[in-house]
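S.K.: Build me a model:
(chains A and B)
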Amino acid sequence: MYEHDVIVVGAGGAGLRAAIAADEEGADVALVTKLHPVRSHTGAAEGGINAALQEGDSWDLHAYDTMKGSDYLGDAPAIDTFAQDAPEEVIQLEHWGMPFSREDDGRVSQRPFGGLSYPRTTYAGAETGHHLLHTMYEQAVKRGIEVYDEWYVTRLAVTDHDDPEDRVCHGCVAYDIKSGEIHGFRANNGVILATGGLGQAFDHTTNAVANTGDGCAMAYRAGVPMEDMEMIQFHPTTLPSTGVLISEGVRGEGGILYNDNEERLMFEYGYANNDGELASRDVVARAELTEVNNGRGIEDEYVHLDMRHLGEERIIDRLENILHLAEDFEGVDGLDEPMPVKPGQHYAMGGVECDENGETCIEGLYAAGETACVSLHGANRLGGNALPELLVFGARAGHHAAGKDMKTAEIQTGPSAKSEPGDVEPPVEPGAVDAGSDDVAADGAAVEPQSVLENAVDHERRRVEELLESDGINHAEVRADVQQTMTGNVNVFREEDGLKEALRDIREARTEYENVAVEDPSRTYNTDLIHTIETRNILDVAEAITLGALAREEFRGAHWRAEHQERKDDEWIKHTMLAWNEGTPELYYKPVILEGDEQTYEPKERSY
Amino acid sequence: MSTQIEQQETETEADEEAEPEVESPGDRRRAQKRERQAIEEAQRETEEATLDDEDTITLKVFRYDPEVEGKQEPRFDDFSVPFHKGMTVLDALIYARDHYDSSLTFRHSCRQAVCGSDALFVNGRQRLGCKTQMSDLDDPVRIEPLPHQEVVKDLVVDMEHFYDQMESVEPFFDADETPDDPLEEQRQTRENREKVKMSTRCIWCGACMSSCNIAAGDNEYLGPAAINKAYRFAMDEREGEQRKQERLRIIEQEHGVWRCQTQFSCTEVCPKDIPLTEHIQELKREAVKNNLKFW
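M.R.: Numbering: from 1, shown residues only, chains lettered A, B, ... in the order given. Next up, the predicted model:
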């Protein structure tokens, strides 16, 4: 068994920032990650980091843009905290050596980004995430923070009280990928989940193969509600063949979208008469697919993103990485021809319900970064807001878990924050195939930290033994089935019938999953086993996304419903919550908080 | 320096005429692209001849597992995978794993050449699997783990030594002082940022270290990636002069920059086009200047 004050699961941007923060507070902190930290997908972020740094800009403008971008589904305390903390976090990063792009006077450059009223996106070329990730890992090395790399956390060690709000998290269980050993990690103060995205629930995604929603699924099964899971961002500019991301920075610098008739589609068809290509991501993604559906797509699949007019010098100075990506992954030279782009799954706005300090309803369990839902992004995340999010809320979670005295959070968490029950009618029973077999709840049986951890370790050892010893089908097919139905039915445009079909497909996949087994008998670097365990997480998050999408009968932000073409403020300014409830998921709602520090945000029509 | 670069060019592209001095990043990129295109075109021609009638490619993949019977002795397995335009080595490996043998083991994550997980030895050269088009390779495609590193299983090598070397150069920004105001950034000129830019692109894939003969013979040699990391900080004007002296002392040690024999193998295989050898050479010059100063 290993023991630390704070255990951070995942070592991308949020995890690293949390670990550094906990270390700053004097806690003994360790990072446990299934990759090596520098392999994390934060490194693939391209565009930039938003923060109000310049005179003429201010945190409340940033907050306003973020709330508007969220289509009034973000919580004001989260948004205000975020916009207030972001400037110091960005400058902190600069003090840690981040190689930001610069102005002639040596100051950090800022560029325009979609949905922003001021050019406040700091960046380092078109590889901002890479530099952020490496800069922070370097600082973790400097501080001597312990890293367990290629250890896969498979389960949280949580007490078994019936009411999730009574539960306490005492650590987690991790599988050492290299040796095949399973060990408990005791966390004296807290566990912070920072496992990143869940894009592998879809088959056309900008996310890494490792982004399988592990943190979400583990927290969900341990009793933490999932929040607004239907809110999935589809990035408007991904390469058609691979899903590789072409940064919004291209449009920020002046890149133009054309349809097959070489019309500037954003203006020609009135999708965004003011902001054009720089409208919010959901608006642009729908515009592109509408063009394709109306027969104006190129090869009936994509549109063109043209940046040639920016000139070679500017492109190489600010977007060089884009040239490499277009060339290597689509065979297109961005200096000579327009780049083909189409929408692809990019980011989960929803996730593990937590408050401004990263705390979930389970004592000692935190979440930060894309895994978490504070809720900052609401129904749509603005470009350039993910990286400052992981800095701000990674730091807050790390500080809080390490015992720093912080302002009490305003956001309420856990089932007690419920305002009304849900009313969704899925065509098939969601949840565990064999509900009750894997219960956390068994009041009073295990509450003492050591035995909680030992039980969890035993459980995982049995599970791995079973997967290795039994005969059965390979998980890859199950995973592919889920990914296909998600991209087919729970994509940019969503219809009731499609969502129901997806739920039936997921149900079938869950049943299939009961028969999976790992063919590779090896204890050494068994990726077959890792991927098989991941696929279960994909099943849980895919189902949660689809259930939320079926429940939310309106059109808000990234969530578009064929049958419900309006934003319904009277009824739907509320969060979709989903509790695992020991395998029989329960949907309910919780109010959105629109009263902020300086202003109460009035829902307005969202036009760009 | 110029002779060595010419040497490198003649190695990769024999009929390239003597180019004017390559200077701006744009020029460099164009030159590289021309080279690449010429090579690709030649390969496409030969390959179309073979691929027209059969649209599968054979992978010959190194297999080894210390604890599984039949895999303890290293061997090569053949996998026949259907070829499609745009298919990368990583795509082919994933296909083989998901359709033929789920125990086939290799690291991969981002699929876009930024996580640095899938550096492999493909047809005798260090390459990133995700960034290498199958159409650029001769059939059969031979895929092996990175040479000069201990094999853990199949294509997975032990990266610990590489990480140790990276961390031994104190790879973190360490300014003497930063502005007191938490909202005031340090100033950095565009020129200085440009100077360190290429060095900051390293993705820790280990291709360079694996290609280096010196590193193969001297296990304590810092290696190109670690020295490049030292360069990244030593050349950053935001760090102080004293820190720079300390950094030069680290890279000047017995197993540091002086071991490099400028063979350019690291520079050739770097998937991020970092001029590693140039950086090592520049640090040698800095070290000499520095020693003269303190004489």
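S.K.: those helices in the stretch 101-250 of chain B, which residues are they?
M.R.: Here the stretch 101-250 of chain B has its helices, by DSSP state H, counting those that start in this stretch, at B:160-168, B:190-197, B:207-211, B:213-217, B:224-234, B:241-251.
S.K.: how about the third one, does it get close to chain A?
M.R.: What it means is helix B:207-211. No - using CB under 8 Å from any CB of the partner chain, helix B:207-211 stays clear of chain A, with a minimum separation of 14.4 Å. All C-beta atoms are positioned from the backbone trio N, CA, C, and that covers glycine.
S.K.: is chain B contacted by stretch A:296-304?
M.R.: No - using CB under 8 Å from any CB, stretch A:296-304 never reaches chain B; the gap is at least 13.3 Å.
S.K.: Contacts for that stretch next, please.
M.R.: Residues from elsewhere that reach stretch A:296-304 (CB atoms under 8 Å, 6 or more residues apart in numbering or on different chains): A:240, A:257-261, A:263, A:265, A:288, A:291-292, A:338-342.
S.K.: Just to be sure, which of those are found in helices?
M.R.: The members of these that map onto helices under DSSP state H are A:265, A:288, A:291-292.
S.K.: Now do the buried residues in stretch A:267-276.
M.R.: Buried residues in stretch A:267-276, counting neighbours by 16 or more other CB atoms under 10 Å in any protein chain shown, are found at A:267, A:269, A:271-272, A:275-276.
S.K.: Out of those, which two sit at the greatest distance?
M.R.: Greatest spatial distance among these (CB to CB): A:Tyr269 and A:Asp275, at 14.3 Å.
S.K.: show me the contacts for residue 176.
M.R.: In the absence of a named chain, this looks at chain A. By CB under 8 Å, 6+ apart, the contact set of A:Asp176 is A:148, A:150-151, A:182-183.
S.K.: that's the wrong chain, I wanted chain B
M.R.: B:Asp176 touches B:239-240, B:242-243, counting by CB under 8 Å, 6+ apart.
S.K.: Would you mind giving those residues as a markdown table with pLDDT added?
M.R.: Below are the contacts of B:Asp176 laid out as a markdown table (pLDDT from 0 to 100):
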| residue | pLDDT |
| --- | --- |
| B:Glu239 | 96 |
| B:Gly240 | 93 |
| B:Gln242 | 93 |
| B:Arg243 | 95 |
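S.K.: And the buried residues of stretch A:267-276, which is closest to B:Glu185?
M.R.: Comparing these against B:Glu185 with CB to CB places A:Asp275 closest, at 28.8 Å.
S.K.: Once you drop chain neighbours, what's closest to that closest one?
M.R.: With CB to CB, 6 or more residues apart in numbering or on different chains as the criterion, A:Asp275 has its nearest non-adjacent residue at 3.9 Å, and that residue is A:Tyr608.
S.K.: likewise A:Glu566?
M.R.: A:Phe555 (6.0 Å).
S.K.: Would you check how far apart the one you found and chain B are?
M.R.: To chain B, A:Phe555 is 32 Å away according to CB to the nearest CB, to the nearest Å.
S.K.: Cross-check the contact I'm expecting between that residue and A:Asp569.
M.R.: No - the pair A:Phe555 / A:Asp569 is not scored as a contact, 11.6 Å apart, by CB atoms under 8 Å.
S.K.: Show me which of these two is the more surrounded one.
M.R.: With neighbours defined as other CB atoms under 10 Å in any protein chain shown, A:Phe555 and A:Asp569 compare such that A:Phe555 has more, 22 against 13.
S.K.: Phi first, then psi, for that one.
M.R.: Backbone torsions of A:Phe555, given as degrees, to the nearest 10, read phi -120, psi 110.
S.K.: Please tell me the pLDDT value assigned to it.
M.R.: Looking at A:Phe555, its pLDDT reads 97.
S.K.: give the contact list for it.
M.R.: A:561, A:564-567.
S.K.: Kindly write the PyMOL command that selects the buried subset of those.
M.R.: The buried residues among these can be selected in PyMOL (16+ other CB under 10 Å) with this line:
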select buried, chain A and resi 561+564+567
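S.K.: Just the closest of the contacts of A:Phe555 to A:Thr135, please.
M.R.: Nearest to A:Thr135 among the contacts of A:Phe555, counting by CB to CB, is A:Arg567 at 39.3 Å.
S.K.: any idea how far A:Asn380 is from the closest one?
M.R.: 12 Å (CB to CB, to the nearest Å).
S.K.: With B:Met87 instead?
M.R.: Taking CB to CB, one finds B:Met87 at 34 Å from A:Asn380.
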